[in-house]
Structures are given as structure tokens and as C-alpha cells.
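**Q** no sequence on this one, just coordinates:
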């Protein structure tokens, strides 16, 4: 049975009456270097295989021997390994082998540090002659 094709918001549907839809992506920001595991939540047919592109670049399944063909981990999650990309907002396009597709946005950063305390370190000047290392510089009496 076919329900036609069309676009609604950021999601595109078409072809068969599949269950493909995308609701969220985690993490919402990733490093431009790639290699991170990205999980998209939504509705997936576990009997189907999918291909994923991020900014037009094919993502990897992360499973040996599967290459770019990605199987959902459940009917609500699809995970893939992010390829190296340029910085900026990128569109994740998930395409069912049968032809249906849907998309969602992901922000690619120059760096992605998961720790807020690591990010705060850059606000402080480097070593300024304080702490244990400064003892080495003090004159010995």
C-alpha cells in the first residue's frame, strides 16, 4: 500500500506506509573529527535496513561487515558512527532501503568537550608560578 510522497516540516515521507520518523538526536553537538556514536530516536521498522548521511557524507554502522547499512537497535533508536565533517549545522538524513526518508539537524563543533569543567579551564590563565611547581623556583634557604 502506498500513501504517496511529500514533505511536512523537517520530515520527508514517501513510498510505502513505513513507520520512519525522527524525533531527537543525541548528542545534539559533536566534534568535526567524527568517530562519535550518534543515536537518533524516533520510529523505525526493525525489519528494515537504513542508510544515514550527515551533511551529505555517509555515516558508518559501527558494526564490522555492515559498512554503511545500518539496522535500528530497537523500534525507537538508530545508532551510527559520525564521519569526519566540517563545522556548522548539518542535516542527518535517514533513508529506508525501500525509499522513505526523514531528516533532523545536528551541530558540528570544532571541538566537543563533554565536561563543563574542562571548558572552564580555558577561561583561566596557564600556570602562573603558583602551586607545587612554584616551589621548585623558590630559593632554598
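**A** Perfect, thanks for sending it. Worth saying up front: this structure is predicted, and the values here are computed from it rather than measured.
**Q** what ranges do the helices span in this protein?
**A** Remark: helices assigned in the chain by DSSP state H are 116-121, 132-137.
**Q** now do the strands in the chain.
**A** Taking DSSP state E to define them, one finds strands in the chain at 6-8, 11-13, 21-26, 29-31, 37-43, 50-54, 57-58, 77-81, 88-96, 101-109.
**Q** where among the helices of the chain is average confidence lowest?
**A** Lowest mean pLDDT within the helices of the chain: helix 132-137, at a mean of 53.
**Q** okay, now the unreliable bits of this protein?
**A** Along the chain, segments meeting pLDDT under 70 span 1-18, 111-141.
**Q** try it again with 50
**A** 1-17 (pLDDT under 50).
**Q** now do the contacts for residue 88.
**A** Counting by Cβ atoms under 8 Å, 6 or more residues apart in numbering, residue 88 touches 107-108. All C-beta spots, glycine's among them, are computed from the backbone N, C-alpha and C.
**Q** counting neighbours, which bits of stretch 79-94 end up buried?
**A** Across stretch 79-94, burial judged by 16 or more other Cβ atoms under 10 Å covers 79-83, 85, 90, 92-94.
**Q** could you dump these to JSON lines with distance to residue 40?
**A** Formatted as JSON lines, those follow (distance: Cβ to Cβ, whole Å):
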{"residue": "79", "distance to residue 40": "8"}
{"residue": "80", "distance to residue 40": "8"}
{"residue": "81", "distance to residue 40": "13"}
{"residue": "82", "distance to residue 40": "11"}
{"residue": "83", "distance to residue 40": "15"}
{"residue": "85", "distance to residue 40": "16"}
{"residue": "90", "distance to residue 40": "13"}
{"residue": "92", "distance to residue 40": "7"}
{"residue": "93", "distance to residue 40": "11"}
{"residue": "94", "distance to residue 40": "6"}
